[in-house]
Structures are given as structure tokens and as C-alpha cells.
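>>> Predicted model and sequence follow; I will ask about them next.
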Amino acid sequence: MNSQTPKTILLVSGLSGAGKTTVLKTLEDMGWEVVDNLPLVLLDRLLDTPLPEGHDEGIDRPLALGIDARTRGFDAGAIVQRIKALRSRHGHDVETLFLDCSGVELERRFAETRRRHPLATDRPARHGIARERELTEPLRRWADQVIDTSSLTSNGLQQEIRNRFAREGLSDPVLTILSFGFSRGVPLNADLMFDMRFLRNPHWEEDLRPKTGLDPDVSAYIMEDPVYEESIQRIEQLLTLLLPRYAEGGKSYITVAFGCTGGRHRSVHVAERVARDLQDAGFSPTVSHRNMESAPQNALEKRRPGGPKAKSMKNRWAT
């Protein structure tokens, strides 16, 4: 990337203990490129450096720079002039965020964490707080946004940052729709898990057994189940309600798992159907079939439907 290419830059500064680390970590989770305590003389070099491997060059990743009184060569007035130059000469969209906090609350936080204030390593924390407030005052006056974190919890600050700086398509969590077989173990990373073993089982049809839920005739067989359509619609209604809430909560990865006995027929079909419908609803799911390539085994399926155990269970419920 060339330094002349306009880029979105957020300068994050403020008082030590006011939450800068939390803010930068939240921005990083939202897809921002984050650099902390970078000397401003190295900023041009940073902007000229290509993104590391694994990052999509087609996505404009905004840059968050953490700068505070510990940064080498810290000079609030010089920082203001540097930001003005970035805006006027190169057309970068530069915004500043200052994190403020009451002195009493900062003293409490330093006492609670047993950390020393970086500007008062051999004196009470209040001396360092006062000195840092004096040093950073020009940045606070000039900041585009100021957040007072005195009454904010860590989670509250994270949510505030997400509300202010979320960028469409950048901070969306990675959504995976997974099919699996219960007989081969449940996935440990599933956030939501649905058991589809109540649907009619294609395994017991000789011509369908070697096929998978990707085959049209297997799908047609499953869709003939009387409760199929209503159950799928209710699951999808639940997902469209919950998935945005997971995103708002800051989850980077969401896995929705659908299981059947062997993981080859019902779960595969339902995963494909739900992923397709979610895509139509504006989500961007990735589909993964964990056990689809496993060989079908009668022993895993336990019994045919309508056998003695099923009949006795039906009679038990009827009474």
C-alpha cells in the first residue's frame, strides 16, 4: 500500500488506566489493523508497508494507532500538527479518540491492579495522573471524540467502541454452518447445536444409503417428513434473532451445528438448506460437513424406524 492512498486512521490516546488497551483490543477484534505506541516518525514507513499474509488486499482495513505519554518522543502539540499534515497532504481520513477518566477512579484502578503509574514509578499514582493530564491536555482539546470511562465497565467500553466504530462487512463474525454425526462425537466448538434425528432417516432406504444430503433424491425424501418445513422455519427464525445479538456481543466466530446419527444425510441437507436461506437473509455463512465422507454403517444407526423399541416408546407416550 502506498502512503499516498487515502486511509482511515484512528488515533487512540488518553490517560493511562482509562481503557486504551481495551479499546485497541476491541478494534482489532472488529477487523481494524492496530499498532500501539508507534513513534510518529515511523508512521509513513508503516503506511508504505504491505499488509501481512492472510489479509484480504481488497478490504480497506482502517488503522488504529495507540499513542500515550509512554510513546517515545511524545509531544501532544507535535502530534496535532502531524495529524493535520496527514489530512491535508495525503487526504487520509484521520480521527482522534481521547479516553478520559476521573482521578479518583484512576487511583482506584491502579490500586486494584497493583500497577505503577508509568509517570510515577516512585511516587503516589495521583502525581503521575496529574502530570499525564497536563501532557495530554492539547490532545483532549483537539480530539474529535472523547469518552469518559469513569463509570464504564470493560464490557461497557467495548460496546461503546462497537457502536461508534463498527464498519459494515469488516467486523462481521465468521459464521460457519456445520453438519456432523452424533455417533462420531459432538463438535466442541459449536455455539448452537440442533439435533435433526427426529426427521425420517434416508439411511434405511437401500437406494439412498450410499448417497448424501447433497443428492436431490435424498433431500426430497427428507423434505417429505410432515414436520420438516415447520421445524426448519422455526430454527431459521431463531437464528435470525440470535445471530445479530452474538455479533453485537463481539463474537468473532459463530458455529451453528446440525447433527444426525451418522452425519451423512439429514444434517447435511439441513445445513445446506439453512445456509442458503441465511445467505438470502443477508448473512455470509460458510458450510462444512464433518462426517459426510464417512462410510455408512448400520451399527451406528442403532435400529430401523418402527422396530420394537420405537413401538414401545410410542405406546408409552400414548398412555
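Cool, got the structure.
>>> going forward, measure contacts and count neighbours with C-alpha atoms only.
Will do.
>>> CA atoms of the host helix or strand of residue 45 as CSV?
Residue 45 is part of helix 43-48, with elements assigned from DSSP states H and E. Extracted C-alpha coordinates of helix 43-48, given in CSV (Å, rounded to 0.1, in the frame of the first residue of the first chain):
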residue,chain,number,x,y,z
LEU,A,43,4.2,6.3,10.6
ASP,A,44,5.0,6.9,6.9
ARG,A,45,7.0,3.7,6.8
LEU,A,46,4.1,1.8,8.4
LEU,A,47,1.7,3.2,5.8
ASP,A,48,4.0,2.1,3.0
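>>> Make residue 1 into 54 and carry on from there
All set: I'll call the first residue 54, so the last point we hit is now helix 96-101.
>>> from the chain's centre, how far out does it sit?
28 Å (CA atoms, centre = their mean, to the nearest Å).
>>> Can you mark which positions in it are buried?
99-100 (16 or more other CA atoms under 10 Å).
>>> Quick one: name whatever helix or strand follows that helix.
Defined by DSSP H and E, the subsequent element after helix 96-101 is strand 116-119.
>>> gap between that following strand and the chain center?
For strand 116-119, the separation from the chain centroid amounts to 19 Å (computed by CA atoms, centre = their mean).
>>> Over to stretch 306-315?
Between the centre of stretch 306-315 and the centre of its chain there are 19 Å (CA atoms, centre = their mean).
>>> So what touches that stretch?
The contact list for stretch 306-315 (CA atoms under 8 Å, 6 or more residues apart in numbering) reads 226-237, 240, 242-250, 299, 319-321, 323-324, 344, 349-350, 353-354.
>>> list the buried ones in that stretch?
For stretch 306-315, by 16+ other CA under 10 Å, it's 307-315.
>>> got the CA positions of the helix ranked longest in the chain in CSV?
Criterion DSSP state H: the longest helix present in the chain is helix 281-301. Taking C-alpha atoms only, helix 281-301 is exported to CSV below (Å, rounded to 0.1, in the frame of the first residue of the first chain):
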residue,chain,number,x,y,z
TYR,A,281,-39.8,-30.8,8.1
GLU,A,282,-40.9,-27.4,6.8
GLU,A,283,-42.2,-26.0,10.1
SER,A,284,-39.2,-27.1,12.1
ILE,A,285,-36.8,-25.6,9.6
GLN,A,286,-38.7,-22.3,9.6
ARG,A,287,-38.7,-22.1,13.3
ILE,A,288,-35.0,-22.9,13.5
GLU,A,289,-34.2,-20.2,11.0
GLN,A,290,-36.4,-17.7,12.9
LEU,A,291,-34.4,-18.4,16.0
LEU,A,292,-31.1,-18.0,14.1
THR,A,293,-32.1,-14.6,12.5
LEU,A,294,-32.9,-13.4,16.0
LEU,A,295,-29.8,-14.7,17.8
LEU,A,296,-27.0,-14.2,15.2
PRO,A,297,-27.1,-10.4,15.3
ARG,A,298,-27.0,-10.5,19.1
TYR,A,299,-23.9,-12.7,19.0
ALA,A,300,-22.3,-10.1,16.6
GLU,A,301,-23.3,-7.2,18.9
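>>> helices or strands next to it in the packing?
Applying 3 or more CA pairs under 8 Å, 6 or more residues apart in numbering; DSSP states H and E, we find helix 281-301 packed against helix 319-333.
>>> the inter-axis angle of the helix it packs on versus helix 281-301?
Helix 319-333 runs at 60 degrees relative to helix 281-301, counting by axes from the mean of the first three to the mean of the last three CA atoms, to 10 degrees.
>>> I'd like to know which elements helix 319-333 is packed against.
Applying 3+ CA pairs under 8 Å, 6+ apart, one finds that helix 319-333 contacts strand 227-234, helix 281-301, strand 306-313, strand 338-342.
>>> Adding mean pLDDT, write the ones you listed out as JSON lines.
Output for the helices and strands packed on helix 319-333, formatted as JSON lines (pLDDT from 0 to 100):
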{"stretch": "strand 227-234", "mean pLDDT": "92"}
{"stretch": "helix 281-301", "mean pLDDT": "93"}
{"stretch": "strand 306-313", "mean pLDDT": "94"}
{"stretch": "strand 338-342", "mean pLDDT": "91"}
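>>> Mind putting the ones you listed into TSV with distance to residue 136?
Shown next, in TSV, are these (distance: least, CA to CA, whole Å):
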stretch	distance to residue 136
strand 227-234	34
helix 281-301	31
strand 306-313	35
strand 338-342	39
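>>> which one of those lies closest to residue 202?
Nearest to residue 202, of all the helices and strands packed on helix 319-333, is helix 281-301, at 19.8 Å by CA to CA.
>>> roughly how far out does that closest one sit from the chain middle?
18 Å.
>>> between that helix and strand 306-313, how many degrees?
Counting by the same axes, to 10 degrees, helix 281-301 points 160 degrees away from the direction of strand 306-313.
>>> What residues sit buried inside helix 281-301?
Within helix 281-301, the residues that count as buried by 16+ other CA under 10 Å are 281, 289, 292, 296, 299-301.
>>> One more: stretch 145-156?
By 16+ other CA under 10 Å, the buried positions in stretch 145-156 come out as 145, 147-154, 156.
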